[in-house]
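1. missing the sequence, but the structure's below:
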């Protein structure tokens with residue numbers, strides 16, 4: 001959970017300066033992209049929610065890998081408005097759906113302590129957002145926008161590895 005949110009917010013926090021300075025979008029285009037990201041997020045949450053019963057760990061592994069690939073693609077294509085807009089709509093689809101998967105994992109892992117686990121999850125998410133934004137901002141200011149985006153991609157890959165490890169632990173404990 002920590003790596004997913006740190007990776008996501010190392011990039012997401014700095015979308016506006018990225019879109020204004022690298023992609024060179026005006027406020028109207030930037031607002032349209034953010035709206036499209038939000039609408040894609042609603043759709044992504046609905047789609048993922050329907051598949052969580054049977055594919056929880058697959059979702060927890062694939063979503064951060066897709067987001068990492070999108071972050072790398074933004075580094076490569078960030079100066080081009082149309083590809084950037086499409087990548088960010090995909091980011092909205094997957095990024096908004098990711099927390100639903102981890103919430104489901106938590107409720108299955110701690111069925112008798114879901115409230116306490118949920119409180120801990122909220123604290124971890126807030127810390128991860130803060131850490132991701134702080135480290136991403138430092139990289140954005142010192143290395144450049146691509147440093148924050150690359151850092152986010154690495155953390156998202158780490159999240160996928162953690163989910164893979166959790167899936168193996170769950171399989172072992174169920175046997």
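-> Nice, thanks for sending it over. Small disclaimer: the values here were computed from a predicted structure and weren't measured.

2. buried sites along stretch 157-166?
-> 157-160, 162-163, 166 (16 or more other Cβ atoms under 10 Å). Backbone N, C-alpha and C define where each C-beta goes, glycine included.

3. correction: stretch 124-144
-> For stretch 124-144, using 16+ other Cβ under 10 Å, the buried residues are 125, 128-129, 131-133, 135-136, 139-140.

4. need the contact partners of that stretch.
-> Residues from elsewhere that reach stretch 124-144 (Cβ atoms under 8 Å, 6 or more residues apart in numbering): 1-11, 13-14, 17, 99, 147-148, 151-152, 155.

5. just stretch 99-117 next, same as before
-> 1, 4, 45, 48-49, 52, 56, 59-60, 63, 118, 121, 125, 166.

6. ok, those vs residue 94, which is closest?
-> Among the contacts of stretch 99-117, residue 63 lies closest to residue 94 (Cβ to Cβ), at 5.1 Å.

7. which strands and helices lie in contact with the helix or strand harbouring the closest one?
-> Using DSSP states H and E, the element containing residue 63 is helix 27-77. Judged by 3 or more Cβ pairs under 8 Å, 6 or more residues apart in numbering; DSSP states H and E, helix 27-77 is in contact with helix 2-12, helix 15-21, helix 81-109, helix 145-174.
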